[in-house]
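Asks: Please find the sequence and the predicted model below.
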Amino acid sequence: MPKINGNEIRPGNILEHNGGLWAAVKVDHVKPGKGGAFAQVEMRNLRNGSKLNERFRSADKVERVRLEQKDQQFLYENDGMLVFMDIETYEQVEVPAEILGERRPFLQDGMTVVVEFHDSEALSASLPQKVTCKVVETEPVVKGQTAANSFKPAVLDNGIKVMVPPFVGQDELIIVNTETMEYTERA
């Protein structure tokens, strides 16, 4: 694996540090009035989610890890474990449901998800950016309520609440952005 200098760390880099795999979340380059410059790096552990703040001088060498990204198809959930199948090899892999965090309700049967692996260990999964959901419950349209930014609450078929424009009615299909968890458009 390639070693990089401490001042070459960028947000999003995956580093091997203290025997663990860490994702660089935030990087600040600091040049104090006295002494050498350093990079103040906020890192998140990919295995247990703990956070760590570490200083790296430019002379420090850090192991940079490349994760392998594979398209996986979601099959089913079993005892808190999500079962995915590799689209090319048809191998099945079990991943804890917590890996998706608050985006878990947007996972649908047969959905293709990008799972990142490090030596056959699944570390993270990302859903498609846009997902089609059905509005189960929302308020009826009120005539004359045409203010530019008027949104109303709606409950989706997966139980998530989002704000939708007044023209969206019950039983309509809408497209939701899974990153911001907001309404984007009608389906």
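Replies: All right, it came through fine.

Asks: Show me the shaky parts of this structure.
Replies: Along the chain, segments meeting pLDDT under 70 span 1, 142-149.

Asks: Find the centremost residue of it, please.
Replies: Ser126 (5.1 Å; CA atoms, centre = their mean).

Asks: Quick check, it in contact with Val113.
Replies: Yes - contact criterion CB atoms under 8 Å: Ser126 and Val113 qualify, at 6.8 Å. Glycine gets a C-beta too; all of them are placed from N, C-alpha and C.

Asks: sorry, back to before: mind listing what the residue nearest to the centre of the chain touches?
Replies: Neighbouring residues of Ser126 by CB atoms under 8 Å, 6 or more residues apart in numbering: Val113, Val114, Glu116.

Asks: repeat that for 10 Å
Replies: Residues near Ser126 by CB atoms under 10 Å, 6 or more residues apart in numbering: Gln69, Ile99, Leu100, Arg103, Val113, Val114, Val115, Glu116, Thr178, Glu179.

Asks: Most neighbours among the residues you listed, which one?
Replies: Of all these, Val115 has the most neighbours under the rule other CB atoms under 10 Å, reaching 22 neighbours.

Asks: okay, the contacts of Ser126 in a markdown table with secondary structure and distance to Val135 next?
Replies: Converted to a markdown table, the contacts of Ser126 look like this (DSSP: H, G, I helix; E, B strand; the rest coil; distance: CB to CB, whole Å):
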| residue | secondary structure | distance to Val135 |
| --- | --- | --- |
| Gln69 | strand | 33 |
| Ile99 | helix | 27 |
| Leu100 | helix | 22 |
| Arg103 | helix | 19 |
| Val113 | strand | 24 |
| Val114 | strand | 27 |
| Val115 | strand | 30 |
| Glu116 | strand | 32 |
| Thr178 | coil | 17 |
| Glu179 | coil | 20 |
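
Asks: Out of those, which is nearest to Ala59?
Replies: Glu116 (30.0 Å; CB to CB).

Asks: Break this protein down into its domains, please.
Replies: Under automatic domain parsing, the residue ranges defining each domain of the chain are 3-65, 68-126, 130-186.
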